[in-house]
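# Below is the sequence, then the predicted model.
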Amino acid sequence: KAGVTQTPRYLIKTRGQQVTLSCSPISGHRSVSWYQQTPGQGLQFLFEYFSETQRNKGNFPGRFSGRQFSNSRSEMNVSTLELGDSALYLCASSLRQGRNTEAFFGQGTRLTVV
Amino acid sequence: GENVEQHPSTLSVQEGDSAVIKCTYSDSASNYFPWYKQELGKGPQLIIDIRSNVGEKKDQRIAVTLNKTAKHFSLHITETQPEDSAVYFCAAINPSGTYKYIFGTGTRLKVLA
């Protein structure tokens, strides 16, 4: 069974640009959550999508957005990049059904803003 | 707001010794507590989890204990090996609420050969 796939693995962007990251969840999983990981702030929740709808959002500015497609694949977008957006962006896939709350992470996309 | 405190931030043990990492959560409605291991350059990997209806769960060399009254849960690794060296994260979640994982700040475990 394939795991969570994130693309690309690495990105270098300049300030002011925008970026789109992609996440393909485990087959059959309908929930995709996104997290930002930095050395100083740890793992911070960005948002969660379930059945193409954003269900929850963390405390991030509106420059961070996302969407989910009918096949459960998800994308997140960051506009007007700032140096502080440099981080490892992780997505997690979950069945989110009844007691099945386990979340499985992808390898992440390492974004560097210069 | 919701918070998970994790201690210690770094932990060094001799190979073969035990390691214990502790977490405290604030949301009393949390009922699922996973532990993740993150190796360099990789995403977090789920290694063990516990639900609020049990007090302890064991899987070979790793075990997790939960004290709901005190809102504490702990990861125990016995007979540590060099490959256990990684960053470990605890998390708490209230599936009936916002369904967002609240993570601890991580513990960097070093197992010295």
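Looks like it arrived, so ask away. Residues are numbered from 1 along each chain as shown, chains lettered A, B, ... in the order given.

# Check which helices and strands the lowest-mean-pLDDT helix or strand in chain A is in contact with.
For chain A, counting by mean pLDDT, DSSP states H and E, strand A:53-57 ranks last in confidence among helices and strands (a mean of 89). Applying 3 or more Cβ pairs under 8 Å, 6 or more residues apart in numbering or on different chains; DSSP states H and E, one finds that strand A:53-57 contacts strand A:42-50, strand A:64-68. C-beta: built from backbone N, CA, C; applies to glycine.

# possible to save those strands as JSON lines with mean neighbour count?
Putting the helices and strands packed on strand A:53-57 into JSON lines (neighbours: other Cβ atoms under 10 Å in any protein chain shown) gives the following:
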{"stretch": "strand A:42-50", "mean neighbour count": "21"}
{"stretch": "strand A:64-68", "mean neighbour count": "19"}
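
# Indicate which one of those strands is closest to chain B.
strand A:42-50 (4.1 Å; Cβ to the nearest Cβ).

# Just checking that closest one against chain B, any contact.
Yes - residues of strand A:42-50 are located near chain B by Cβ under 8 Å from any Cβ of the partner chain, namely A:42-43, A:45, A:48.

# got the angle between that strand and strand A:64-68?
Angle of strand A:42-50 versus strand A:64-68, following axes from the mean of the first three to the mean of the last three Cα atoms, to 10 degrees, is 40 degrees.

# Tell me the helices and strands packed up against strand A:42-50.
Secondary elements touching strand A:42-50 (3+ Cβ pairs under 8 Å, 6+ apart): strand A:31-38, strand A:53-57, strand A:64-68, strand A:74-78, strand B:102-103.

# Name the residues of chain A found near chain B, please.
A:4, A:6, A:31, A:33, A:35, A:42-43, A:45, A:48, A:55-56, A:58, A:90, A:92, A:96, A:99, A:101-108.

# so which of the helices and strands packed on strand A:53-57 comes closest to residue B:72?
For residue B:72, the closest of these is strand A:42-50, at 19.2 Å, according to Cβ to Cβ.

# Need the residues that contact the closest one.
A:30-38, A:54-60, A:64, A:66-68, A:74, A:76, A:89-90, A:96, B:44, B:89, B:99-106 (Cβ atoms under 8 Å, 6 or more residues apart in numbering or on different chains).

# hey, which of the helices and strands packed on strand A:42-50 is tucked in deepest?
Compared across these, strand A:31-38 shows the largest average neighbour count, a mean of 23 (mean count of other Cβ atoms under 10 Å in any protein chain shown).

# any idea how far that one is from the chain center?
Per Cα atoms, centre = their mean, to the nearest Å, the displacement of strand A:31-38 from the mean C-alpha position of its chain is 4 Å.

# what is the mean pLDDT for it?
Per-residue pLDDT values across strand A:31-38 average out to 94.

# Next, count neighbours for the closest residue to residue A:70 other than its chain neighbours.
Ranked by Cβ to Cβ, 6 or more residues apart in numbering or on different chains and with sequence neighbours excluded, the top spatial neighbour of residue A:70 is residue A:52, at 6.3 Å. Residues within reach of residue A:52, counting by other Cβ atoms under 10 Å in any protein chain shown, total 13.

# Residue A:52 contacts residue A:73, correct?
No - using Cβ atoms under 8 Å as the test, residue A:52 is too far from residue A:73 to be in contact (10.4 Å).
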